[in-house]
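J.: How does the following fold in three dimensions:
(one chain, ligands or ions: 2)
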Amino acid sequence: MTAAASQTEIRRAAQQLKAGELVAFPTETVYGLGADASNPEAVRKVFAAKGRPADHPLIVHVADAAQLADWARDVPPAAHALAATFWPGPLTLVLKRNPNVPDAVTGGQDTVAVRVPSHPVAQALLHAFGGGIAAPSANRFGRVSATTAAHVHEEFGDAVACVLDGGAADVGIESTIVDCSHDIPALLRPGWITPQQIETALGSLLGAPAARGPRAPGMLDKHYAPQTPLLLMEGDLVAELAHSLVRQGKRVAVLARTRLQPLLDNLRWIAAPADAAGYAHDLYANLRALDHAGCDAILVEQPPEDAAWLAIRDRLARAAAGSGAAEAG
Ligand code: TXA
Ligand code: MG
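T.: Numbering: from 1, shown residues only. Ligands and ions are numbered 1, 2, ... in the order given. From the prediction side, this is the model:
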């Protein structure tokens, strides 16, 4: 367990944000690469560091729901209900934007995504800074998100000078995104907070995402991808395929939930936690470790189909779709 950032480091980071510099910081989902959301020049640096296309909007992180009015207008009762239930926490709301929100943040859309993170270091940074912090996940475009400060250094090296350490992210996968800019709220990205929990808080059913937007490029098929080709399959096929690939002289990495691994050379096997929370917590660190193992393929056992695994299945499907792709989103 790494030591969390000190008050002095947090104050210095807040000053760097005010000076238009980038600051990477922990949240309960994944690490974010932050910039002053009211400063378009600073926000552009985020896109440059990530190699992210300028039309992919960023989430504005704020200290509490009272700051919603600084970024969004016509906030509907449904959004207030979700904020009251899940903030601070791993939920992002897409709302009609205030005219003052820079186009650099929203990708020129007429909506803005807002989230109140619960991580104590994120909270301390937001309070010290005072304003909104625009932050995508702290990884290069299309790559696996960072869940530790070491991952952020791995992604950006010296390009991001300030990385606040808050230990390993609790949740481990990105926030649930709900679009509240239309009459009926819709799920744009599954996350740890499930659709059922959202519907319970709303007291009504989620709708289908609006055909004409808002766009959530995190929904691109290729995303969250390691560089080693990743194949998703049912559990009983994993050992079988691992055997046959190793026999062909390949090196194979496996992410499965069983500890019963075949005794083979050239096989790197990670037994992931059997519960969804533990699996999500470790997911990106495990994918990074397997990606670094120098294998020809990563075989991943398909997780169960129940609701708790929805977001994990979503991320794994995108990682598989992005196999070896350099242009991923
Ligand atoms: O857990 C998280 O959400 C993390 C932490 C750092 O907060 N952030 C994160 O950011 O995952 P990013 O940029 O990797 O993903 C944000 C997603 C993208 O898919 C983006 O398209 C979507 O949010 N998004 C942002 N603004 C939007 C908007 N106005 N309308 C629709 N989608 C939006
Ligand atoms: Mg991301």
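J.: what about residue 42, which helix or strand?
T.: Element membership for residue 42 (DSSP states H and E) is helix 40-50.
J.: if we look at that helix, which residues are touching it?
T.: 17, 20-22, 33-37, 52-54, 56, 58, 102-105, 134-136, 139-141, 156, 159-160 (Cβ atoms under 8 Å, 6 or more residues apart in numbering). All C-beta spots, glycine's among them, are computed from the backbone N, C-alpha and C.
J.: burial count for residue 156?
T.: The tally of other residues near residue 156 (other Cβ atoms under 10 Å) stands at 20.
J.: how near is the spatially closest residue to it that is not a sequence neighbour to residue 78?
T.: Counting by Cβ to Cβ, 6 or more residues apart in numbering, residue 156 lies nearest to residue 49, which is 6.2 Å off, once chain neighbours are set aside. Residue 49 sits at a distance of 35 Å from residue 78 (criterion: Cβ to Cβ, to the nearest Å).
J.: neighbouring contacts of the longest helix anywhere in the chain?
T.: In the chain, taking DSSP state H as the definition, the longest helix is helix 276-291. Helix 276-291 has contacts (Cβ under 8 Å, 6+ apart) with 30, 144-148, 151, 154, 168-173, 192, 224, 226-228, 230, 253-255, 257, 268, 270, 272-273, 298, 303, 308-309, 311-312, 315, 319.
J.: Distance of the most far-flung residue of the chain relative to its centre relative to residue 236?
T.: Largest separation from the mean C-alpha position in the chain: residue 247, at 36.6 Å (Cα atoms, centre = their mean). Here residue 247 is placed at a distance of 18 Å from residue 236 (Cβ to Cβ).
J.: Show me the contact partners of the helix or strand harbouring residue 268.
T.: Secondary structure from DSSP H and E places residue 268 in strand 267-271. Strand 267-271 is contacted by residues 242, 246, 251-259, 261, 286, 289-290, 293, 295 when judged by Cβ under 8 Å, 6+ apart.
J.: buried set for it?
T.: Of all the residues in strand 267-271, those buried under the rule 16 or more other Cβ atoms under 10 Å are 267-270.
J.: how about the residues of the chain near ligand 1?
T.: The chain has residues 27, 29-30, 32, 56-59, 92, 94, 106, 109, 111-113, 115, 135-137, 174-175, 177, 188, 214-218 near ligand 1, with proximity defined as Cβ under 6 Å from any ligand atom.
J.: Of those, keep whichever come out buried.
T.: If we count by 16+ other Cβ under 10 Å, these have these buried: 27, 29-30, 32, 56-59, 92, 94, 106, 109, 111-113, 115, 135-137, 174-175, 177, 188, 214-216, 218.
J.: Just to be sure, which of those are found in strands?
T.: Using DSSP state E, the subset of those located in strands is 32, 59, 92, 94, 111-113, 115, 135, 177, 188.
J.: Quick check: the farthest pair among these?
T.: Using Cβ to Cβ, these reach their maximum pairwise distance at 32 and 111, which is 19.4 Å.
J.: For residue 262, what are phi and psi?
T.: Torsion angles at residue 262 (phi, psi; degrees, to the nearest 10) stand at phi -70, psi 150.
J.: how deep is it tucked in, by neighbour count?
T.: Neighbour count of residue 262, defined by other Cβ under 10 Å: 14.
J.: For it, which non-adjacent residue is spatially closest?
T.: residue 239 (5.2 Å).
J.: Let's verify that neighbour: helix, strand, or coil?
T.: Classification of residue 239 using DSSP: H, G, I helix; E, B strand; the rest coil returns helix.
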